[in-house]
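Asker: got a predicted structure plus its sequence, pasted below:
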Amino acid sequence: MAHFPQSTQWETSAHSKLLSASLGLLSHLVLNSGEWDHSSHLVASFWIITFGAFGVAEYTLDPNVNSVLGALMTTSVAAAVYFGALLISILIYRAFFHRLRKFPGPFGNRLSKLYNLKNVIPDFRYYEQCEILHKRYNSDYVRTGPRELSIISADAISAVHGPLSRCRKGPFYSGAKHIEGYSIHTERNRLAHKERRKAWDHALTAKSLRDYEPRLNRHAYALMDNLKQQSSKPSVPISEWVNFYSFDAMGDIGFNRTFGMMEKGKEDELITMLHASMAPLSIMGHVNWFGCLVLRTIGSSDMMEFMGWTSKVLRERKRIEPKEKDIMGHLLDPNDEHIPLHLNADARLLIVAGSDTTSATLTWLFYELCKNPSVFKKLQKIVDDIAPGKSFLDVEDLDNCPYLDGVVHEALRLHPAVPSGVQRETPPEGITLPDQTYIPGETIIWMPPHVIQRDPRSFPSPLEFMPERWTSEAPEFIANKRAFITFGHGIYKCVGQKLALLELRSVTANLVRCFDMKFAEGTHGENVLEKTTDSFTIIVGRLDVQLTRRDL
Ligand code: HEM
């Protein structure tokens, strides 16, 4: 009987294509059994190390391999068979056997999220493509990725997002761990989130908001003052000015520190950097494993610099006892010298969540008012009658003005600042929706507010900017109020909703009272329509208007 030396046993196994293919299939099983989206750097490192070690073993143990090139060739063949088997197994499974195979959608979406990127990349307004997909398949359910669905049934909102829902935040949120630790927004652990949410809720109660009101008034007043100076010009970039306002106000209410953007009349460099760091989210948010690889290899210098700034601001803020209360005062622990990393993430969140959202909504609101002069005139007449004789309306003057609220809600409905929605994942046992559709376990769900809030089943004449539907004048134009999810729904719902509404009311009412407004000569708001992009929160295109001062 022949005796095989050790090296020949190695040779036999190394050259076995069957073994390589079997390992490829086994890897598919392993990859299919857990959440690897944000461990793609570890998986890639594992493969590089394993095939590197394989090559070295080939060179040293295989008697037929006499050169580095020879070892490289054998390793390449083994890798090709391994990855080929892995890929074919993944594609066949996803295309024909996957638990979501019964849901309609483009065939390419079954195979990879990369295919769905073609809906993102042309203009970075994925939410519009979602609307097209739902119309094309004439369905409330569209498969937008191998294990992902887009759902637009308003009846499903509670089951997916409601306080009693068994769905959890999806892997999208774990992206934060590569850079900054988890903010309250990216915290996926329910209990940890609940604990942190208490402090945030406290920071934004009705009583706390009253503490911030004088500052909201000051910033809105400063905005009107600046716009009065601008109004002699034929064209005013109102989108930029409301952006300055919202960042200055948020810095002040957030940390007692203004960015001084309104004073300088230009965007602070830090904010430019922050926006630059958010732009890749429009792609990486869709393909999490790719985002993870990029962040772990190239990193994000803009983000790191911004994090450095927030950390410095937090340290400085902790040393002082400000004269006016701020949100960070509720979040910082006075008995702890140390500032935990997650507060740094919260500070960044505060600026992004609190400013971009409000300024984008204001820009869209003014776009709609220019497009609908009769609504503008009606609103102007109504706010003229509030506190006559006062040149500036304080936040508290606007507590009870249903038509103003209607205007604000219409802007929020038609142009939600998080238009593609937020990601949820079903529990392992799946969920059954009210229409009896069963959504299998570990399915990623997006429910895009942009589409849901333009659905005639919930909002008849959905594309009409109709503030009256929110008042007693035309309530029949709201068939299902639960479909209004601009601020989210359930336990992760926007904690800053009331603050946002105060800001939106205050700026809108004062601007409409101080000025007549129309699109700048030769424009009709086309930049807002064409240049707006979606980086989780919306980055709105520029809106130029003509302002004419009114005698009050
Ligand atoms: C028009 C204005 C705003 C809109 C449309 C908006 C929208 C949203 C949405 C949809 C979420 C849920 C995110 C998710 O589940 O992933 C959210 C969460 C959040 N928002 Fe807002 N937001 C606005 C203004 C603000 C303001 C002014 C603040 C300032 C404090 C703020 C702070 C937050 C925070 C801290 C969260 C995370 C809450 C949590 O996870 O418990 N937002 N917002």
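Answerer: All right, it came through fine.
Asker: who's in contact with the residue in the chain that the ligand sits nearest to?
Answerer: Closest residue of the chain to the ligand, CB to the nearest ligand atom: Gly496 (2.1 Å). (Each C-beta comes from the backbone N, C-alpha and C, glycine too.) By CB atoms under 8 Å, 6 or more residues apart in numbering, Gly496 lies in contact with Leu204, Ala353, Gly354.
Asker: which residues does the second one contact?
Answerer: Contacts were defined as CB under 8 Å, 6+ apart; by that measure Ala353 touches His185, Cys494, Gly496, Thr537.
Asker: try the first one
Answerer: For Leu204, the contacting residues are Ile327, Val495, Gly496, Lys498, Leu499, taking CB under 8 Å, 6+ apart as the criterion.
Asker: show me what contacts the nearest residue to the first one once chain neighbours are set aside?
Answerer: Setting aside the residues directly before and after it, Ile327 is nearest to Ala203 in space (CB to CB, 6 or more residues apart in numbering), at 4.5 Å. Listed by CB under 8 Å, 6+ apart, the contact set of Ala203 reads Ile327, Gly329, His330, Leu331.
Asker: counting neighbours, which of those residues comes out on top?
Answerer: The most crowded member of those, judged by other CB atoms under 10 Å, is Ile327 (27 neighbours).
Asker: can you show me the helices along the stretch 201-350 of the chain?
Answerer: Residue ranges of the helices in the stretch 201-350 of the chain, as given by DSSP state H, counting those that start in this stretch, are 206-230, 238-255, 261-264, 269-278, 281-284, 288-297, 301-319, 327-331, 341-351.
Asker: quick one: closest of those helices to Tyr127.
Answerer: Of all these, it is helix 281-284 that lies closest to Tyr127, at 11.1 Å by CB to CB.
Asker: ok, of the contacts of Ala353, which one's closest to Asn400?
Answerer: Within the contacts of Ala353, proximity to Asn400 (CB to CB) peaks at Gly496, which comes in at 21.6 Å.
Asker: what distance do you get for the closest one to Phe83?
Answerer: Distance, Gly496 to Phe83, by CB to CB, to the nearest Å: 46 Å.
Asker: same question, His450
Answerer: From His450 to Phe83 the distance is 38 Å (CB to CB).
Asker: so between these two, which is more surrounded?
Answerer: Neighbours per residue (other CB under 10 Å) separate His450 from Phe83, with His450 holding more: 24 against 15.
Asker: can you name the helix or strand that that one falls in?
Answerer: Using DSSP states H and E, His450 maps to helix 449-452.
Asker: kindly format the C-alpha coordinates of the helix or strand following that helix as PDB.
Answerer: Next helix or strand after helix 449-452 toward the C-terminus (DSSP H and E): helix 497-514. Output in PDB follows, covering the C-alpha atoms of helix 497-514 (Å, rounded to 0.1, in the frame of the first residue of the first chain):
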ATOM      1  CA  GLN A 497     -41.200  67.700  16.900                       C
ATOM      2  CA  LYS A 498     -42.600  70.500  19.200                       C
ATOM      3  CA  LEU A 499     -39.500  72.600  18.900                       C
ATOM      4  CA  ALA A 500     -39.500  72.200  15.100                       C
ATOM      5  CA  LEU A 501     -43.100  73.300  14.900                       C
ATOM      6  CA  LEU A 502     -42.400  76.400  17.100                       C
ATOM      7  CA  GLU A 503     -39.600  77.400  14.700                       C
ATOM      8  CA  LEU A 504     -41.600  76.700  11.600                       C
ATOM      9  CA  ARG A 505     -44.500  78.800  12.800                       C
ATOM     10  CA  SER A 506     -42.400  81.600  14.100                       C
ATOM     11  CA  VAL A 507     -40.400  82.100  10.900                       C
ATOM     12  CA  THR A 508     -43.300  81.600   8.500                       C
ATOM     13  CA  ALA A 509     -45.700  84.000  10.300                       C
ATOM     14  CA  ASN A 510     -43.100  86.700  10.700                       C
ATOM     15  CA  LEU A 511     -41.800  86.500   7.100                       C
ATOM     16  CA  VAL A 512     -45.300  86.500   5.600                       C
ATOM     17  CA  ARG A 513     -46.200  89.500   7.800                       C
ATOM     18  CA  CYS A 514     -43.000  91.500   6.900                       C
END
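Asker: which other helices and strands contact helix 497-514?
Answerer: Contacts defined by 3 or more CB pairs under 8 Å, 6 or more residues apart in numbering; DSSP states H and E place helix 497-514 against helix 206-230, helix 238-255, helix 357-371, helix 373-384, helix 402-414.
Asker: out of those helices, the one nearest Asp455 is which?
Answerer: Closest among the helices and strands packed on helix 497-514, using CB to CB: helix 402-414, at 10.8 Å.
Asker: residues from the chain in reach of the ligand?
Answerer: Within the chain, the positions near the ligand by CB under 6 Å from any ligand atom are 184-185, 197, 200, 349-350, 353-354, 357-358, 361, 417-418, 422, 486-488, 492, 494-496, 499-500.
Asker: tell me the domain ranges of the protein?
Answerer: As given by the TED database, the domain ranges for the chain are 7-97, 171-549.
Asker: most tightly packed of these?
Answerer: Mean neighbour count, computed with mean count of other CB atoms under 10 Å, is highest for domain 171-549 among the domains of the chain, reaching a mean of 18.
Asker: how far out from the middle of the chain is that one?
Answerer: Remark: domain 171-549 is offset 11 Å from the chain centroid, using CA atoms, centre = their mean, to the nearest Å.
Asker: separation between Gly541 and Leu529?
Answerer: Between Gly541 and Leu529 the distance is 7 Å, computed by CB to CB.
Asker: what of His450?
Answerer: 13 Å.
Asker: just for the stretch 351-500 of the chain, where's the confidence low?
Answerer: Regions of the stretch 351-500 of the chain meeting the criterion pLDDT under 70 are absent.
Asker: meant to ask about the stretch 51-200 of the chain, not that
Answerer: Along the stretch 51-200 of the chain, the model assigns pLDDT under 70 to no residue.
Asker: do a quick rundown of the strands in it.
Answerer: Secondary structure of the stretch 51-200 of the chain (DSSP state E, counting those that start in this stretch): strands located at 141-145, 148-151, 168-169.
Asker: for the shortest one, name the packing helices and strands.
Answerer: Translated: strand 168-169. Secondary-structure packing of strand 168-169 (3+ CB pairs under 8 Å, 6+ apart): strand 423-425.
Asker: partner strands of the strand it packs on, with direction?
Answerer: strand 168-169 (antiparallel), strand 444-446 (antiparallel) (DSSP bridges).
Asker: what sits up against the last one?
Answerer: What that stands for is strand 444-446. Contacts for strand 444-446 (CB under 8 Å, 6+ apart): 130, 144-145, 147-151, 160, 167, 170-171, 420-426, 439.
Asker: that older thread, mind putting the strands of the stretch 51-200 of the chain into TSV with mean neighbour count and distance to Glu368?
Answerer: TSV is the format used below for the strands of the stretch 51-200 of the chain (neighbours: other CB atoms under 10 Å; distance: least, CB to CB, whole Å):
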stretch	mean neighbour count	distance to Glu368
strand 141-145	24	28
strand 148-151	26	26
strand 168-169	17	32
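Asker: to Pro280, which of those lies closest?
Answerer: strand 141-145 (18.5 Å).
Asker: which residues does the closest one contact?
Answerer: Outside strand 141-145, the residues that touch it by CB under 8 Å, 6+ apart are 100, 103-105, 109-110, 112-113, 116, 130, 133-134, 149-151, 153, 286, 437, 444, 446.
Asker: quick one on the thing from earlier: can I get the helices and strands packed on helix 497-514 in JSON lines including distance to Val77?
Answerer: As requested, the helices and strands packed on helix 497-514 are exported to JSON lines (distance: least, CB to CB, whole Å):
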{"stretch": "helix 206-230", "distance to Val77": "66"}
{"stretch": "helix 238-255", "distance to Val77": "56"}
{"stretch": "helix 357-371", "distance to Val77": "53"}
{"stretch": "helix 373-384", "distance to Val77": "69"}
{"stretch": "helix 402-414", "distance to Val77": "57"}
